[in-house]
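here is my input, please return the structure:
(chains A, B, C, D, E, F and G)
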Amino acid sequence: MARRPLDILNESLGTSIIVRLRGGREFRGELQGYDVHMNLVIDDAEELHDNEVIKKLGTIVVRGDNVVFISP
Amino acid sequence: MARRPLDILNESLGTSIIVRLRGGREFRGELQGYDVHMNLVIDDAEELHDNEVIKKLGTIVVRGDNVVFISP
Amino acid sequence: MARRPLDILNESLGTSIIVRLRGGREFRGELQGYDVHMNLVIDDAEELHDNEVIKKLGTIVVRGDNVVFISP
Amino acid sequence: MARRPLDILNESLGTSIIVRLRGGREFRGELQGYDVHMNLVIDDAEELHDNEVIKKLGTIVVRGDNVVFISP
Amino acid sequence: MARRPLDILNESLGTSIIVRLRGGREFRGELQGYDVHMNLVIDDAEELHDNEVIKKLGTIVVRGDNVVFISP
Amino acid sequence: MARRPLDILNESLGTSIIVRLRGGREFRGELQGYDVHMNLVIDDAEELHDNEVIKKLGTIVVRGDNVVFISP
Amino acid sequence: MARRPLDILNESLGTSIIVRLRGGREFRGELQGYDVHMNLVIDDAEELHDNEVIKKLGTIVVRGDNVVFISP
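Purely as a prediction, here's the structure:
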């Protein structure tokens, strides 16, 4: 019944996610891809601060070792 | 008799846990999955500050290298 | 005659230990398990500050890369 | 349909990218190469601060473990 | 003629050493064991601050990645 | 047509480079060697602060994990 | 013609070197040994601050991941 972390990422492909990075920065967008390091491809990415959009970034590749958590 | 760290995580699947991250942040929720890096899947996750719920996050995938300890 | 670090952890199973983490935080409790990464299972864990108990945590899994030292 | 992080880098070869590093520093230039560690070769690189060019750097090799995200 | 780092640790078994950790903390005691990660077992360990003993710790296991240097 | 990061280092052997390290420190000198970790050998190395030479260092071996970028 | 970082360390055995560590600390002494992690054995080591000797340390084993650069 248990679902592993990468299962969750796989199920979230094509859907909207929020990613919190070290230092508190957050990004929101559509998960388009990932790899085993939790490197992520996010489409229509927006950078958030206190839940406000502060920057629109288009597609970004986030390096996994900055990730604190991913919220599908 | 000794139980290894991942045994404890395995026994905790489906039960409520608290996770403390570097920087003091805490999350509470139901452990739904994990892997050998201590990446965690937490359902109904709540972010805590001084034991107060400050944010409800739904399901989150926490990257293991942020984890200080997990309290089943 | 030399005893390796993991030998000491093995001999300490079932006995009380103190663990100091990066940032100065300390935990005290009974060592119930460990692995090669020095991930630890501690029973009846108490969080200490200046040798005072500030929180009782029950069983915790501590991620090894936060550990500065373990005092059996 | 999913595209992995390195696919995106491969598709971005020869095009302009922005790279944000830990600490907030940003570089803009043409992606000329990369490897599996996300080490990057950037041509005509410019260092940015608040979207202003503060330094022109020519070709640079960025070490991947400083990268927060890459925006193609 | 060259002696490798682990040779020095091996020769120091059973003798008094000083270990400086990241953040400046120092420990003094008898080296009882080590492994390839420079994890150390120190007997009769004392924590030092400005060369003053501030705490007696008995036997400790120091995790190698906190070590700056070891002085046999 | 893409050139990988280590290709650039190889092409830069014997030429002048600037290396920026974490924390902002910069070194300038002639690249004499490197390895896959981006450890570097720099001849006639000068330490720079705000583009001013603050110290002449002769040959230095820079450990790769401090490198932010290398500018050939 | 290129000389790799470990070649330089090998050529420096038995000669005086300066090592700068993260945080700015410097050590001077005779390089007696090293390994592939750039762990170093330094004889007659002196700790320097602003080029002044602040402490004589005898032989020390420096853990490589603290090293910023080595100046033979």
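
I'd guessed A:Val41 sits against D:Leu9; true?
No - under the criterion of CB atoms under 8 Å, A:Val41 makes no contact with D:Leu9, lying 9.8 Å away. Placement of C-beta: from N, CA and C, glycine included.

which neighbours do those two share?
A:Val61 (CB atoms under 8 Å, 6 or more residues apart in numbering or on different chains).

give me every residue that touches the residue of chain A found nearest chain D.
Chain A approaches chain D most closely through A:Asn39 (4.0 Å), counting by CB to the nearest CB. Taking CB under 8 Å, 6+ apart as the criterion, A:Asn39 is in contact with A:61-64, D:4-5, D:38.

need those residues in JSON lines with pLDDT, secondary structure and distance to chain E, can you?
Formatted as JSON lines, those follow (pLDDT from 0 to 100; DSSP: H, G, I helix; E, B strand; the rest coil; distance: CB to the nearest CB, whole Å):
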{"residue": "A:Val61", "pLDDT": "98", "secondary structure": "strand", "distance to chain E": "29"}
{"residue": "A:Val62", "pLDDT": "98", "secondary structure": "strand", "distance to chain E": "26"}
{"residue": "A:Arg63", "pLDDT": "98", "secondary structure": "coil", "distance to chain E": "21"}
{"residue": "A:Gly64", "pLDDT": "97", "secondary structure": "helix", "distance to chain E": "20"}
{"residue": "D:Arg4", "pLDDT": "95", "secondary structure": "coil", "distance to chain E": "31"}
{"residue": "D:Pro5", "pLDDT": "97", "secondary structure": "helix", "distance to chain E": "27"}
{"residue": "D:Met38", "pLDDT": "97", "secondary structure": "coil", "distance to chain E": "23"}
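
can I get the buried part of the residues you listed as one ChimeraX selection?
Per 16 or more other CB atoms under 10 Å in any protein chain shown, the buried members of those correspond to this ChimeraX selection:
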select /A:61,62,63,64 /D:4,5,38
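
keep only the contacts of A:Asn39 that also lie close to chain G.
The overlap between these and the neighbours of chain G (CB under 8 Å from any CB of the partner chain) is empty.

against chain C, how distant is the residue of chain A closest to chain D?
Distance, A:Asn39 to chain C, using CB to the nearest CB, to the nearest Å: 20 Å.

setting the sequence-adjacent residues aside, check what's closest to that residue.
Of all residues not flanking A:Asn39 in the chain, D:Pro5 sits nearest, at 4.0 Å (CB to CB, 6 or more residues apart in numbering or on different chains).

just checking, the one you found touches A:Met38?
No - D:Pro5 is beyond contact range of A:Met38, at 9.6 Å (criterion: CB under 8 Å).

per-residue pLDDT, the residue of chain A closest to chain D?
Among the per-residue scores, A:Asn39 holds a pLDDT of 98.

so which residue is smack in the middle of chain A?
The centroid of chain A falls nearest to A:Val19 when counting by CA atoms, centre = their mean (3.8 Å).

hmm, that residue is touching A:Glu46, no?
No - shown here, A:Val19 and A:Glu46 do not form a contact pair, counting by CB under 8 Å, at 10.9 Å.

shared neighbours of these two, anything?
A:27-28.

who's more crowded, A:Val41 and D:Leu9?
Neighbours were counted for A:Val41 and for D:Leu9 using other CB atoms under 10 Å in any protein chain shown; A:Val41 has more, 27 against 23.

close to chain B, is whatever helix or strand that one lives in?
Counting by DSSP states H and E, the element that carries A:Val41 is strand A:40-49. No - Strand A:40-49 is not in contact with chain B by CB under 8 Å from any CB; minimum separation 10.6 Å.
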